[in-house]
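# after the sequence you'll find the predicted model.
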Amino acid sequence: MGVGDELRSQYLEVQGMVIKTENGRVLRSFTFKEEDQTQEVRVVERKALLETLAKQLPVDSISYSSKLSKIEKNENGETLLQLANGTQISSKVVIGCDGVRSSVAKWMGFSEPKYVGYCSFRGLANYPDGQPYESLVNYIYGRGIRAAYIPVSPTKVYWFVCFNSPVPGPKITDPFVLKKQTKELIKNWPLEFRNVIDATPEDTIIRTPVADRWSWPGLSPSASSGGVVLVGDAWHPMTPNIGQGGCCALEDVVVLVQKLAPALNAGPTFIEDALRSYRNERWTRVFSMTVRANVTCAVLHLENPVACAIRDHVLVPKLIRLGPMLEYTNFEFDPLLQISP
């Protein structure tokens, strides 16, 4: 069974979206097919996706909890990775996909992602006997705060709450405190959403300061150099306003494999050319996505009551149409199985 076949048994296809205000008034309600017949929206639990991908690798390919402590070039021109447990790995190609606070990106000269002015709570509600919600994206807009909840399986519902905050604040790991703070933020919101929070195991709730980093042409470091290349959030962390951060990372991987696989046995020059080609092909798309996500935030996190009124009475119900906005998510590629090793 391939990746696609296995994931088909685990994802849910979302039929539509309902957008409400924090007092429960419906601003818009529609199905995705009404907006654009060509578009589909599917959701899958991150854990299920990662486990499915991991199953495609040979046994013992992954070493978990292996924190990178040092990275340098050796005398052979290969990249030497030293892990916190003392293990050393020498490789002619290093793919840095180690997230927003990437050690590989830092080594390549990238700056730390910049805090964008709001934080998010996220969690996964659990319904052992079956979750009661329709397959819809449920959005709620407030003043300086927004939230959503969406079923991701027959028994689980993913949710988030994003709220404006001038500073990131202290790191909180106590699950009881995280759940209490989340409930305090939405204490006057629709009961249905509050019930989702109540159904969430405390140990699934996290609080994250939201950050991004724009890769400016000619100013930012290169995403590939000397056999080292960046993928996903390690290269282009973006705010979670258009739901494309993880999708962009998967696109990166597809393009990188298409470029890199034929070059691996051809020598260092061909590998560098392949990494450069990947970087050049992906840069325009990931830069535009990062900017789009950041700008979208400006509309979704309005605090001024007049601006919020315009958003809720004009922009959302009358002007903004999701079909044209979803076109940027389209990504087509040849099956990877066609690539010769």
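Yes, it's here. Numbering: from 1, shown residues only.

# okay, CA-based contacts and neighbour counts for the rest of this
Will do.

# what about stretch 173-185, average pLDDT?
Stretch 173-185 shows a mean pLDDT of 94.

# so that it lines up with my notes, have the first residue be 679 from now on.
All right, first residue 679 from here; so that's stretch 851-863.

# buried residues, that stretch. List them.
Neighbour counts over stretch 851-863 (16 or more other C-alpha atoms under 10 Å) mark 853, 856-857, 860-861 as buried.

# now stretch 754-771
756-761, 768-771.

# out of those residues, which are inside helices?
Among the buried residues of stretch 754-771, no member falls in helices (DSSP state H).

# out of these, flag the one nearest to Arg824.
Using C-alpha to C-alpha, Leu761 is the member of the buried residues of stretch 754-771 that lies nearest Arg824, at 39.5 Å.

# mind listing the strands for the stretch 679-828 of the chain?
Under the criterion DSSP state E, counting those that start in this stretch, the stretch 679-828 of the chain contains strands at 690-692, 694-699, 704-709, 719-721, 746-751, 757-761, 766-769, 772-774, 792-804, 814-819, 823-829.

# report the contact partners of Met786.
899-900 (C-alpha atoms under 8 Å, 6 or more residues apart in numbering).

# 10 Å instead?
Contact analysis of Met786 by C-alpha atoms under 10 Å, 6 or more residues apart in numbering lists 749, 780, 899-903, 906-908.

# between the strands of the stretch 679-828 of the chain, which one is nearest to Val931?
strand 772-774 (9.7 Å).

# just the pLDDT for Tyr827.
Tyr827 is given a pLDDT of 95.

# Lys745 too?
87.

# just checking, it touches Gln760?
Yes. Lys745 is within contact range of Gln760, at 8.8 Å (criterion: C-alpha atoms under 10 Å).

# returning to what we had before: can you redo the strands of the stretch 679-828 of the chain as JSON lines with distance to Ala985?
Output for these, formatted as JSON lines (distance: least, C-alpha to C-alpha, whole Å):
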{"stretch": "strand 690-692", "distance to Ala985": "30"}
{"stretch": "strand 694-699", "distance to Ala985": "14"}
{"stretch": "strand 704-709", "distance to Ala985": "15"}
{"stretch": "strand 719-721", "distance to Ala985": "29"}
{"stretch": "strand 746-751", "distance to Ala985": "46"}
{"stretch": "strand 757-761", "distance to Ala985": "50"}
{"stretch": "strand 766-769", "distance to Ala985": "53"}
{"stretch": "strand 772-774", "distance to Ala985": "41"}
{"stretch": "strand 792-804", "distance to Ala985": "18"}
{"stretch": "strand 814-819", "distance to Ala985": "13"}
{"stretch": "strand 823-829", "distance to Ala985": "14"}
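
# what does stretch 928-939 rub up against?
By C-alpha under 10 Å, 6+ apart, stretch 928-939 touches 771, 773, 775, 907-910, 922, 924, 926, 941, 948-957, 959-961, 964, 1009-1019.

# alpha carbons of it, as CSV, please.
Written as CSV, here are the backbone C-alpha positions of stretch 928-939 (Å, rounded to 0.1, in the frame of the first residue of the first chain):
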residue,chain,number,x,y,z
LEU,A,928,5.5,18.8,1.1
GLU,A,929,5.7,20.7,-2.2
ASP,A,930,9.4,21.5,-1.4
VAL,A,931,10.1,17.8,-0.9
VAL,A,932,8.5,16.8,-4.1
VAL,A,933,10.5,19.3,-6.1
LEU,A,934,13.7,18.5,-4.2
VAL,A,935,13.4,14.8,-4.9
GLN,A,936,12.7,15.4,-8.6
LYS,A,937,15.9,17.6,-8.8
LEU,A,938,18.2,15.6,-6.5
ALA,A,939,17.5,12.0,-7.2
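
# give the residue farthest from the middle of the protein.
Distance from the C-alpha centroid of the chain peaks at Glu753, with 37.0 Å (C-alpha atoms, centre = their mean).

# relative to Ser768, how far out is it?
11 Å (C-alpha to C-alpha, to the nearest Å).

# again, but for Arg960
27 Å.

# one more: Phe948?
Distance of Phe948 to Ser768, given as C-alpha to C-alpha: 19 Å.

# and the chain, what are its domains?
681-723+796-886+982-1004, 771-791+891-980 (automatic domain parsing).

# what's the most buried one of the ones you listed?
Highest mean neighbour count among the domains of the chain (mean count of other C-alpha atoms under 10 Å): domain 771-791+891-980, with a mean of 18.

# what's the span of it from first residue to last?
End-to-end distance (C-alpha to C-alpha), domain 771-791+891-980: 44 Å.

# identify the residues contacting the nearest residue to His991 once chain neighbours are set aside.
Ranked by C-alpha to C-alpha, 6 or more residues apart in numbering and with sequence neighbours excluded, the top spatial neighbour of His991 is Leu705, at 7.6 Å. The neighbours of Leu705, taking C-alpha under 10 Å, 6+ apart as the test, are 696-699, 817-819, 989-996.
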